[in-house]
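Novice: Below: sequence and its predicted model.
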Amino acid sequence: MSENSQPRVIAVIPARGGSVGVPQKNLRLVGGRTLVARAVEACLGAPLVDQCVVSSDSLDILAEGRRRGARTIERPGDISGSSASSESAVLHALDVVNGKDGTDPEVTLLVQCTSPFMQSADINAAVAKVLAGEADCVLSVASNHAFLWKYAQDGSLVGINHDEKVQRERRQDLPPEYRETGAFYVMNTAKLRAIGRRFCGKVLPQMVRDDYAIEIDSFDDLHQAQILSDIFAKNEAAAGALRIEVDAIVTDFDGVHTDDTSYLDQEGVESVQVSREDGMGISLARKAGLRLLILSTEVNPVVTARARKLQIPAIQGQSDKGQALKEWMAEQGLDPARVAYLGNDVNDLGCLRQVGWPIATANAHPDVREAARVTLNRRGGQGAVRELCELVVAAVSAREEAGLVPAAATAAEPAPGA
């Protein structure tokens, strides 16, 4: 869509800075990405969505929304409190985007950050239903097969969707019921304006996967989402569906190329153990045309020797590795969103926050695993670098086969046995 054309479909993400259950919830990480980032990416990944808007009273949230490609709107204080409705934020955003006397989009989405696993395909399918006139509102739902109960006036439990006084049906034979997931609501804008509520006329469901239908309201929900994110990534990797599409791979050294142990002889000479598998992984990555870098806090001749063997550059002696990485990416003309960083310990957190693909070794510190978009199956010094390189090279190969990028020029390979 050109800058001057009128958007037909706008997605609005209301994201308050305050949260009682989980402070700064919308900036919490799931799979290495904030909840705001995940919501923006889901909206922008839907072909029928023309524009994504983040509305917030938090400057940090607005900055994160812009960084992820959304337009941002500062929400007034009178509609930013915990009692303010989401609809008020959506209508305010429409007024700002279009002007009160401007032309509204045909369709408006209310998208909530608290559902980290919403899928672009589901959003797109829901938008298509409203554009086609099949419904005035389409909401995300998951199937519900539970026997539901409530308290009666006498304090006893009685069935809601079943009669406990007779031989009840099997759970799978119950009439279909749907649980509102809270992820997204797609609305006919004219009906929304007229009624002022998201449920504005004929309502239809958009079914989403049950295991994707988690909504984060507490720290327990957040922890569950972080675990699920890791499981989903590992399942995708096992199925060959995980695509880490990047132009560069940057790694820590100790605990990534090594198992984080060292050997000292009586003269104080240090040596470490590295994996030949990792050397082959680096070779495959170089051959695929990827840029590679080792970034280390310490200055160590072992790092120099290993980098020389692998024929890749190394930057050492960096007390602020995050800043060093930022400067290197700028010098190389790299988009941070298309860079992977592999780390294992807390001194890698600054780097992990700089890139689109923060990666953790299997034995990484818990804070690193929480910040990672993907946690590998292998430990540092035991093939973690090889595993990451293979995932990245597989993505490059898939794009080449699809004709999306030219085949990479063959680079000189490291010496055999690297």
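Specialist: Yep, it's here.
Novice: ok, now how distant is residue 26 from residue 326?
Specialist: 24 Å (Cβ to Cβ, to the nearest Å). Heads up, the C-betas are built off the backbone N, CA and C, glycines and all.
Novice: Compare these two (neighbour count), which wins?
Specialist: Between residue 26 and residue 326, counted using other Cβ atoms under 10 Å, the more crowded position is residue 26 (28 against 16).
Novice: Wasn't the more buried one part of a helix?
Specialist: Yes - if the criterion is DSSP: H, G, I helix; E, B strand; the rest coil, then residue 26 is within a helix.
Novice: quick one: it and residue 60 touch, right?
Specialist: No - shown here, residue 26 and residue 60 do not form a contact pair, counting by Cβ atoms under 8 Å, at 9.2 Å.
Novice: list the residues that contact both of those two?
Specialist: Residues touching both residue 26 and residue 60 by Cβ atoms under 8 Å, 6 or more residues apart in numbering: residue 17.
Novice: Setting aside sequence neighbours, what's the nearest residue to residue 38?
Specialist: Nearest non-adjacent residue to residue 38, counting by Cβ to Cβ, 6 or more residues apart in numbering: residue 116, 5.0 Å away.
Novice: ugh, typo on my part, it should be residue 210
Specialist: residue 142 is the one closest to residue 210 (Cβ to Cβ, 6+ apart), at 4.9 Å.
Novice: quick one: that neighbour is in a strand?
Specialist: Yes - counting by three-state DSSP, residue 142 is located in a strand.
Novice: Which strand residues bridge it?
Specialist: For residue 142, the beta-bridge partners are residue 179 (DSSP bridges).
Novice: Count residues in the vicinity of it, would you?
Specialist: By other Cβ under 10 Å, 18 other residues sit near residue 142.
Novice: Over to residue 94?
Specialist: Using other Cβ under 10 Å, residue 94 is surrounded by 22 other residues.
Novice: per-residue confidence for it?
Specialist: We have a pLDDT of 93 for residue 94.
Novice: for residue 409, same thing?
Specialist: Per-residue pLDDT puts residue 409 at 44.
Novice: Can you identify each of the strands in the stretch 1-150 of the chain by residue range?
Specialist: 9-14, 29-30, 33-34, 51-56, 71-74, 107-111, 137-144, 149-151 (DSSP state E, counting those that start in this stretch).
Novice: which outside residues touch the third one?
Specialist: Yep, that's strand 33-34 we're talking about. Under Cβ under 8 Å, 6+ apart, the answer for strand 33-34 is 26-28, 41, 64, 373.
Novice: chain center to the helix or strand bottoming out on mean pLDDT in the chain, what's the gap?
Specialist: Lowest by mean pLDDT, DSSP states H and E among the helices and strands of the chain is strand 270-271, with a mean of 74. A distance of 39 Å separates the centroid of the chain from that of strand 270-271, by Cα atoms, centre = their mean, to the nearest Å.
Novice: Okay, now the sheet partners of it, with direction.
Specialist: Short version: by DSSP bridges, strand 270-271 pairs with strand 263-264 (antiparallel).
Novice: pretty sure residue 354 is in contact with residue 336, am I right?
Specialist: Yes - counting by Cβ under 8 Å, residue 354 touches residue 336, with 5.8 Å between them.
Novice: higher neighbour count, those two?
Specialist: Each of residue 354 and residue 336 has its neighbours counted (other Cβ under 10 Å); residue 354 has more, 20 against 17.
Novice: what sits against residue 351?
Specialist: By Cβ under 8 Å, 6+ apart, the contact set of residue 351 is 250, 252, 295, 321-322, 325, 341, 343, 358.
Novice: One more: residue 196?
Specialist: 87, 91.
Novice: Quick one: neighbours of residue 270, just the number.
Specialist: The number of residues near residue 270, taken as other Cβ under 10 Å, comes to 11.
Novice: cool, residue 319 as well?
Specialist: By other Cβ under 10 Å, neighbour count at residue 319 equals 9.
Novice: Check for me that it belongs to a strand.
Specialist: No - according to three-state DSSP, residue 319 belongs to no strand; its state is coil.
Novice: How about the secondary structure of the nearest residue to it once chain neighbours are set aside?
Specialist: With Cβ to Cβ, 6+ apart as the measure, residue 297 is the residue that lies nearest to residue 319, at 6.8 Å, once sequence neighbours are left out. Classification of residue 297 by three-state DSSP places it in coil.
Novice: Quick check: residue 297 touching residue 320?
Specialist: No - using Cβ under 8 Å as the test, residue 297 is too far from residue 320 to be in contact (9.3 Å).
Novice: out of those two, which sits in the busier spot?
Specialist: residue 297 (18 against 13).
Novice: can you give me phi and psi for that one?
Specialist: phi -70, psi -40 (degrees, to the nearest 10).
Novice: Now stretch 146-165 - C-alpha only, CSV.
Specialist: Below are the C-alpha coordinates for stretch 146-165, written out as CSV (Å, rounded to 0.1, in the frame of the first residue of the first chain):
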residue,chain,number,x,y,z
ALA,A,146,-15.1,-29.6,29.0
PHE,A,147,-18.0,-30.4,31.3
LEU,A,148,-18.9,-27.1,32.9
TRP,A,149,-20.4,-26.6,36.4
LYS,A,150,-21.8,-23.7,38.4
TYR,A,151,-23.1,-23.2,42.0
ALA,A,152,-26.8,-23.5,42.5
GLN,A,153,-28.7,-21.3,45.0
ASP,A,154,-28.4,-24.0,47.7
GLY,A,155,-24.6,-24.0,47.3
SER,A,156,-24.4,-27.3,45.4
LEU,A,157,-22.9,-27.8,42.0
VAL,A,158,-25.1,-28.2,38.9
GLY,A,159,-24.2,-28.9,35.3
ILE,A,160,-24.2,-26.1,32.8
ASN,A,161,-23.7,-27.9,29.5
HIS,A,162,-24.8,-31.3,30.8
ASP,A,163,-27.4,-32.8,33.1
GLU,A,164,-25.7,-34.6,36.0
LYS,A,165,-28.9,-36.2,37.1
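Novice: Thanks a lot, see you next time.
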